[in-house]
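Need the 3D shape of this:
(2 chains)
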Amino acid sequence: MCTLQQRGSVFVLTLTGDGEHRLGHALISSLRSAVASAAEAAAKAGPGAALVTVGEGRFFSNGLDIGWAGTSRARLSELVAALRPLAADLLALPMPTVAAVTGHASAGGCLLALCHDYCVMRGDRGVLYMSEVDIGLPLPPYFMAVLRAKITAANALRDVALRGKKVRAAEGKEMGIVDAVYPSADETAAEAFKLAEQLAARKWDGGVYASIRMSMYPEACRSVGIVEESDEEKRKHFASKL
Amino acid sequence: MATGGNLCAVEKRGRVHVITLTGTGEHRLSPALLSEIRSAVAAARRASTGGASALVLAAEGKFFSNGYDLAWARAGPAPAPGDRVSAMRAALRGLVTDLLALPVPTVAAVTGQAAGAGCALALAHDAVVMRASRGFLYMSEVDAGIKIASFVGELVRQKVPDAVARRDLVMKGDKMTAAEAVRRGIVDAAVDGGVEDVVAAAVAMAEELAGRGWDGENLAGIRKATWPGLWSKVNDCGGLSPARPRL
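Okay, here's the model as predicted:
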C-alpha cells in the first residue's frame, strides 16, 4: 500500500502499485504509521529532515475509497473521519513536506497533496481535481479549510471547489497551487527529492518549523483537530533558546 | 526640528510626522526602543487633532530593524530571559495596536534590512516603501529556531494574503529584495537610491495620504475592520468603544 524509505535526510513516502491509491482504512492507517515513523526518526536524528510523498503509476491518489463505501453514507462518513487525522499529521509534521504529484490527484487525493508545504507536478498528464461538486458529494469542513488555506486567489478557489476544474500542472502553477512543473513522472519525483534535500539542508528545528507552519494555517489546523500551542508555551520555548 | 529620545528622532515634514530610528546599529527592538517609538507615535496622535497628517517610520544606516533585542533578552539574571521575552513581545504588540488604532495613515520606510520582529513592524503600517539597492525583508524566525507569536502570525496572514508568498516568506525564510517584495504584493514600492531617497518617497506618499483629509477616527475604525483578525488578536483589553454609533 505504501512504503517509507529514508535517503539521507529525506523520507520518501511512496503510494505503491499501479492502482488508484484509494484512501480506505488500510491505506490511511499505513500512511499514518509511515508519517509517524518519519517524525520519530527525525526527532532522534536532530534538525534537518524533509518528507516527499510520491505515487507510483498513473495516480497520486484518486480519493477516498468510495467503492468500499458504496451507497452507505455511514461508510463514507467513516472514511472522511479517518482521513482527517492524516491531514492533521501532515499539517503538524515537524519537517517540511513535498508532494510529488506524479499522477491524478482527485478529491481526497487532491486534499492529501494540498496538505503538503510544496507541490511539484508532472506537466505531461494528470490533474488536480476536487471532484465532489461533479459527483454530488459535500466538501467536508476540514477539506474546505485546507483549500481555503492553500488556495488564496478567489477565482482559483472558486474554480477548484465550486467548478470542479481539472487543473493541469502549468495552470496549477499560475493558480499558486503547484510550485514547479516537470515533463515526466520520473523527473517530478527526482526534483521533488532535490527540493526536499534543499529544505532539509536548512537544518530547521522540526518543532519550530511545525509551530511556524501551524501559525500560518490556524483555521485549517483547528479544522483537522490540531490543538494550537499557546503564546505562553511559545514564549517559554523562546526563552529556553536564548 | 528633531526631538525625541536617544534611540529615535522625531520631526515634522509638512503634514508628516517622521520617526527615525537613529544610529547605524541594527535598531534591535528592545523594550526601551519600542517604548520610545510608542511615545513618538502617541505624540503624533495627539498632534493629529489639529488637522490631517500622516506618519512615517524610518531608520538610519543599513538596517530598518533586525528584530528583537536578543542580547538584551539574554542578559540577566533579573528579570529572567522568559520575562524579558514577554516584555519585548508585549511592547511590540502594544505598538502594533497603536498603529492599528492610529487616526492617521502610516507608511513604513524600509531603508535597510527588516528581519523578524522588524519585518513584522514594517508590515504593521498601511503602506511600505522599500530600498531597492540594499536590504531584505526576512522573517528570520524559522532559521533562528524561534516560534512565532500568534499576533505576529496573524499580522503576516492579514498583510500577506497570498499563500505562496506567505509560505516563502515565513516557512522558507526567503530574503526578499524590494523588487521581489513588490512583485509579490507585499510592499508598495521599491525606491532607488539611499536612505534619504527612501524616506523622501515615504514622506511623499504620506503627504498624499494626508491630503485626502480623512476623518482620523473614522480611518482608524475602517482600518481595524479591514484587518479584523489582527485587531482582535492585539486588542485583548476590549478596546475603546467608537465615539459615534455604528451604521
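
any bit of the strand or helix carrying residue A:172 sitting next to chain B?
Using DSSP states H and E, residue A:172 sits in helix A:169-174. No. Helix A:169-174 is not in contact with chain B by CB under 8 Å from any CB of the partner chain; minimum separation 9.8 Å. C-betas here are computed from N, CA, C, even on glycine.

pLDDT of that helix, averaged?
For helix A:169-174, the mean pLDDT works out to 98.

same question, stretch A:184-193
For stretch A:184-193, the per-residue pLDDT averages 98.

Please tell me how far that stretch is from the chain's geometric centre.
Computed by CA atoms, centre = their mean, to the nearest Å, the chain-centroid distance of stretch A:184-193 equals 16 Å.

Any buried residues in that stretch, and which?
In terms of neighbour count (16 or more other CB atoms under 10 Å in any protein chain shown), stretch A:184-193 has its buried residues at A:185, A:187, A:188, A:189, A:191, A:192, A:193.

Check stretch B:120-133 too.
B:120-132.

Do me a favour and get the end-to-end distance for that stretch?
21 Å (CA to CA, to the nearest Å).

Is it positioned near chain A?
No. Using CB under 8 Å from any CB, stretch B:120-133 never reaches chain A; the gap is at least 12.0 Å.

re earlier: which of the buried residues of stretch B:120-133 fall in strands?
Among these, the members found in strands (DSSP state E) are B:127, B:128, B:129, B:130, B:131.

Quick check: of those, which lies closest to chain A?
Nearest to chain A out of these is residue B:128 (CB to the nearest CB; 19.4 Å).

Sort out which one of the buried residues of stretch A:184-193 lies nearest residue B:89 for me.
Closest approach to residue B:89 among these (CB to CB): residue A:192, at 37.1 Å.

looking at chain A, which helix or strand is least sure?
When the helices and strands of chain A are compared on mean pLDDT, DSSP states H and E, helix A:231-241 comes out lowest with a mean of 91.

So what touches that one?
With contacts defined as CB atoms under 8 Å, 6 or more residues apart in numbering or on different chains, helix A:231-241 is touched by A:207-208, A:211, B:73, B:80-82, B:84-86, B:89, B:145-151.

try stretch A:70-90
Here stretch A:70-90 makes contact (CB under 8 Å, 6+ apart) with A:23-25, A:28-29, A:31-32, A:35-36, A:39, A:64-66, A:68-69, A:97, A:108, A:111-112, A:115-116, A:137, A:140, A:142, A:146, A:221, A:224-226.

Now with 7 Å, please.
A:23-25, A:28, A:31-32, A:35-36, A:64-66, A:68-69, A:97, A:108, A:111, A:115-116, A:140, A:142, A:146, A:224-226 (CB atoms under 7 Å, 6 or more residues apart in numbering or on different chains).

are any of those buried, and which?
Counted by 16+ other CB under 10 Å, the contacts of stretch A:70-90 give A:23-24, A:28, A:31-32, A:35, A:64-66, A:69, A:97, A:108, A:111, A:115-116, A:140, A:142, A:146, A:224, A:226 as buried.

Kindly report the residues of chain A close to chain B.
Within chain A, the positions adjacent to chain B are A:117, A:149-152, A:176, A:204-205, A:208-209, A:211-213, A:215-216, A:231, A:234-239, A:241-242 by CB under 7 Å from any CB of the partner chain.

for the closest residue to residue B:91 other than its chain neighbours, what are its contacts?
The shortest distance from residue B:91 to any residue other than its chain neighbours is 3.8 Å, reached at residue B:34 (CB to CB, 6 or more residues apart in numbering or on different chains). Residue B:34 sits next to B:91, B:92, B:95 when contact means CB under 7 Å, 6+ apart.

Give me the subset of the residues you listed that lies in helices.
B:91, B:92, B:95 (DSSP state H).

hang on, isn't the last one packed against residue B:38?
Yes. Using CB atoms under 7 Å, residue B:95 is in contact with residue B:38, at 5.3 Å.

of those two, who's got more company?
Counting neighbours by other CB atoms under 10 Å in any protein chain shown for residue B:95 and for residue B:38 shows that residue B:95 has the greater number, 22 against 17.

And the pLDDT at the more buried one?
If you check residue B:95, the pLDDT there is 98.

Residue B:64 too?
Residue B:64 is assigned 98 on the pLDDT scale.

Please name the residues that touch it.
Residue B:64 neighbours (CB under 7 Å, 6+ apart): B:27, B:110, B:111, B:112, B:113, B:114, B:118, B:122, B:135.

A strand includes it, no?
Yes. Per DSSP: H, G, I helix; E, B strand; the rest coil, residue B:64 lies within a strand segment.

hang on, the earlier thing: keep only those of the buried ones among the contacts of stretch A:70-90 that are in strands.
residue A:97.

sorry, back to before: which of the contacts of residue B:34 lies at the shortest distance from chain A?
Within the contacts of residue B:34, the smallest distance to chain A is 12.3 Å, found for residue B:92 (CB to the nearest CB).

who's in contact with the nearest residue to the closest one once chain neighbours are set aside?
Sequence neighbours aside, residue B:117 is the residue nearest to residue B:92 in space, at 5.6 Å (criterion: CB to CB, 6+ apart). Neighbour list for residue B:117: B:29, B:67, B:68, B:92 [criterion: CB under 7 Å, 6+ apart].

and what of residue B:198?
B:109, B:111, B:129, B:131, B:191.

Tell me the confidence at the third one?
The reference is to residue B:129. Each residue has a pLDDT score; the one for residue B:129 is 98.

Test my guess that it contacts residue B:189.
Yes. Using CB under 7 Å, residue B:129 is in contact with residue B:189, at 4.6 Å.

Touching both of the two, which residues are there?
residue B:201.

Packing partners of the helix or strand where residue A:44 lies?
According to DSSP H and E, residue A:44 maps onto helix A:25-45. The contact analysis (3 or more CB pairs under 7 Å, 6 or more residues apart in numbering or on different chains; DSSP states H and E) places helix A:25-45 against strand A:2-7, strand A:10-15, helix A:73-91.

which other residues reach it?
Identification of contacts with helix A:25-45 by CB under 7 Å, 6+ apart yields A:1-2, A:4, A:6, A:11, A:13, A:21, A:49, A:51, A:82-83, A:85-86, A:89-90, A:93-95, A:206.

Check which residues of it are buried.
A:27, A:28, A:30, A:31, A:32, A:34, A:35, A:38, A:39, A:42.

Check stretch B:178-194 too.
For stretch B:178-194, by 16+ other CB under 10 Å, it's B:178, B:180, B:181, B:182, B:184, B:186, B:187, B:188, B:189, B:190, B:191.

Considering those, which is situated nearest to chain A?
residue B:184 (10.8 Å).

Show the contacting residues for the closest one.
Going by CB under 7 Å, 6+ apart, the list of residues near residue B:184 reads B:162, B:165.

per-residue pLDDT, it?
Note on residue B:184: pLDDT of 94.

Repeat that for residue A:91.
At residue A:91, pLDDT is 98.

Need the contact partners of stretch A:161-172.
By CB under 7 Å, 6+ apart, the residues outside stretch A:161-172 that reach it are A:121-123, A:127-131, A:133-134, A:139, A:147, A:159-160, A:175, A:177-178, A:181.

which among the residues you listed end up buried?
Taking 16+ other CB under 10 Å as the criterion, what is buried in the contacts of stretch A:161-172 is A:121-123, A:127-131, A:139, A:147, A:159-160, A:175, A:177-178, A:181.
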